[in-house]
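Engineer: Mind folding the following:
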Amino acid sequence: MYRSILTLFFIFHISAEIFACRIWAVISKSDMALNMATNQELEFVSHQLDALYAQSQYNQDGWAVIRYGISVEPMTETIFRSELPANQDSLNYWTTMNEMFGEHSDRIGIAHIRAATSGASLIPNPHPWIFEANKTYSFVHNGGASKELIYDLITDNGLDDTWLEEHPPQTFGSGDWRDEGWDFVVDSELIMLLIMKQVNIFDDVLIGLEAAFSLMIEAGISPYMLNCVFSDSESLYVYGGNNGLKFSESESFYSVMSSPPDNSVSYNWEPISSGELIILNKDGSTRYPSFAVVQSSESEIVVPQKPELYPAYPNPFNGQVVIPFKAIGDRPISISIFNISGISVYNKYLSTREKESGKIIWQPDKAAEYSLASGVYIIKMTSGVNVKTSKIMFIK
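Structural biologist: Numbers count the residues shown, from 1 in each chain. Coordinates of the predicted model:
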């Protein structure tokens with residue numbers, strides 16, 4: 001009986017691995033293009049692309065790749081989609097991938113091979129999902145989530161569907177998404193739309209991502225079902241659970257894969273732990289181990305405590321004011337100060353040292369580019385979906 005249970009677990013684990021979508025991404029560690037990599041690094045990435053190609057035999061719903069150049073401008077013309085698996089589309093696959101490291105000035109590449117789990121399957125791979133705003137945002141996902149649940153999060157339980165009316169999900173010619181086309185809506189696009197709604201609300205990618213992931217986790221979606229790579233055309237934001245994604249660093253670039261090759265002995269692949277976010281860009285790598293949740297040893301999701309903003313002192317104040325707070329783990333926190341007209345006069349992300357100290361000091365005459373008037377100011381502390389405010393009085 002014990003052996004049978006182990007056998008069933010092994011079969012389930014292998015089947016889940018075989019039929020899951022696969023993700024690959026690469027980003028230059030400088031302003032230079034990927035084609036500046038050394039021969040050893042090109043061999044390293046060749047192993048990755050070989051592995052992705054081989055994995056496509058288990059992912060019969062097409063492959064796609066987006067390439068971002070050095071210039072941060074809309075790049076939709078550099079997306080290639082194929083309705084065939086890569087191993088049946090060899091010429092296009094290798095031509096497109098080789099161009100990335102050839103004469104083109106590409107800094108970022110994100111590829112996805114698909115095993116359809118929701119929505120339309122007989123379509124060219126819709127990943128990476130694209131959202132055009134001031135720049136091109138993209139999103140690839142390996143996992144699954146209830147479309148109804150994500151819809152409720154976007155629309156505040158159906159009370160406000162303005163965001164979806166303005167940015168309707170695709171149904172690939174199968175009717176209106178609010179009616180017969182709903183069966184062809186893909187859960188990954190809804191996740192992308194939830195993220196972009198939060199980015200739009202907070203006008204900040206990092207805070208928007210944390211807000212979106214916090215909403216999904218608190219609604220019961222496991223980080224294991226949210227392995228994904230998001231890009232704002234300048235950085236890669238890599239999130240996941242249960243080691244579903246791994247990343248590696250070479251001299252010139254970072255690589256991300258859901259299933260790295262086994263023969264890359266020259267480079268280490270580091271797993272991304274559950275609920276962790278890693279930001280990769282030209283400034284290096286930044287890890288947030290408890291970005292949206294903390295996971296216990298029993299693999300139970302534990303919603304973290306909320307940060308707190310305490311009363312500033314002295315209040316009223318003249319030269320400077322102390323702003324005390326309580327930070328939670330490694331979650332990013334920003335503190336902004338606005339005048340009574342809603343104009344921002346101060347904004348910063350807290351450093352690790354500042355979060356550990358539990359306070360910052362604001363000196364209006366030194367922090368502002370212009371002289372501030374006496375009066376009431378609003379302190380706003382933001383961490384994901386948690387927003388705290390308080391009032392202070394500045395007297396010259």
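
Engineer: Where does pLDDT dip in the stretch 51-200 of the chain?
Structural biologist: 71-77, 117-121 (pLDDT under 70).

Engineer: what are the ranges of the helices in it?
Structural biologist: 90-100, 147-155, 162-166, 187-202 (DSSP state H, counting those that start in this stretch).

Engineer: and if you look at the stretch 251-396 of the chain?
Structural biologist: Using DSSP H, counting those that start in this stretch, helices in the stretch 251-396 of the chain cover 352-357, 364-367.

Engineer: I'd like to know which of the helices of the stretch 51-200 of the chain is closest to P124.
Structural biologist: P124 lies closest to helix 90-100 among the helices of the stretch 51-200 of the chain, at 11.5 Å (CB to CB). Bear in mind the C-beta positions are built from the backbone N, C-alpha and C, glycine included.

Engineer: Next, format the helices of the stretch 251-396 of the chain as JSON lines and append mean pLDDT and mean neighbour count.
Structural biologist: Shown next, in JSON lines, are the helices of the stretch 251-396 of the chain (pLDDT from 0 to 100; neighbours: other CB atoms under 10 Å):
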{"stretch": "helix 352-357", "mean pLDDT": "84", "mean neighbour count": "13"}
{"stretch": "helix 364-367", "mean pLDDT": "72", "mean neighbour count": "14"}
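
Engineer: S28 is nearest to which of the ones you listed?
Structural biologist: When the helices of the stretch 251-396 of the chain are compared by CB to CB, helix 352-357 sits nearest S28, at 26.1 Å.

Engineer: Show me what the closest one is packed up against.
Structural biologist: Contacting helix 352-357 under the criterion 3 or more CB pairs under 8 Å, 6 or more residues apart in numbering; DSSP states H and E is no other helix or strand.

Engineer: Pull the distance from that helix to the chain's centre.
Structural biologist: Distance of helix 352-357 from its chain centroid, counting by CA atoms, centre = their mean, to the nearest Å, is 24 Å.

Engineer: got the CA coordinates for that helix in CSV?
Structural biologist: Provided in CSV are the C-alpha atoms of helix 352-357 (Å, rounded to 0.1, in the frame of the first residue of the first chain):
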residue,chain,number,x,y,z
THR,A,352,16.5,47.6,4.8
ARG,A,353,18.3,49.7,7.5
GLU,A,354,15.4,52.1,7.7
LYS,A,355,12.8,49.3,8.0
GLU,A,356,14.9,47.7,10.8
SER,A,357,15.2,51.0,12.7
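
Engineer: about what we covered before: can you put the helices of the stretch 251-396 of the chain in JSON lines and add distance to N142?
Structural biologist: JSON lines is the format used below for the helices of the stretch 251-396 of the chain (distance: least, CB to CB, whole Å):
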{"stretch": "helix 352-357", "distance to N142": "30"}
{"stretch": "helix 364-367", "distance to N142": "43"}
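
Engineer: And those helices: which comes nearest A54?
Structural biologist: Using CB to CB and comparing the helices of the stretch 251-396 of the chain, the one that lies nearest A54 is helix 352-357, at 40.9 Å.

Engineer: Give me the buried positions along stretch 137-153.
Structural biologist: 137-145, 147, 149-151, 153 (16 or more other CB atoms under 10 Å).

Engineer: Need the max-distance pair from those.
Structural biologist: S138 and L149 (23.0 Å).

Engineer: what about I335, how many residues close to it?
Structural biologist: By other CB atoms under 10 Å, the residues close to I335 number 21.

Engineer: OK, contacts around it?
Structural biologist: I323, F325, Y346, N347, K348, L350, I360, I379, K380, M381, T382 (CB atoms under 8 Å, 6 or more residues apart in numbering).

Engineer: S371 and D365, how far apart?
Structural biologist: Relative to D365, S371 is positioned 7 Å away (CB to CB, to the nearest Å).

Engineer: hmm, back to that, which of the contacts of I335 count as buried?
Structural biologist: I323, F325, Y346, L350, I360, I379, K380, M381, T382.

Engineer: Select from these every entry located in strands.
Structural biologist: I323, F325, Y346, I360, I379, K380, M381, T382 (DSSP state E).

Engineer: Let me know the closest of those residues to W182.
Structural biologist: Using CB to CB, those come closest to W182 at T382, 33.6 Å.

Engineer: Is the closest one in contact with F202, as I believe?
Structural biologist: Yes - between T382 and F202 there is a contact under CB atoms under 8 Å: 6.8 Å.

Engineer: closest to N339 out of the helices of the stretch 251-396 of the chain?
Structural biologist: Between the helices of the stretch 251-396 of the chain, helix 364-367 lies closest to N339; by CB to CB that is 10.4 Å.

Engineer: most packed of the helices of the stretch 51-200 of the chain?
Structural biologist: helix 187-202 (a mean of 23; mean count of other CB atoms under 10 Å).
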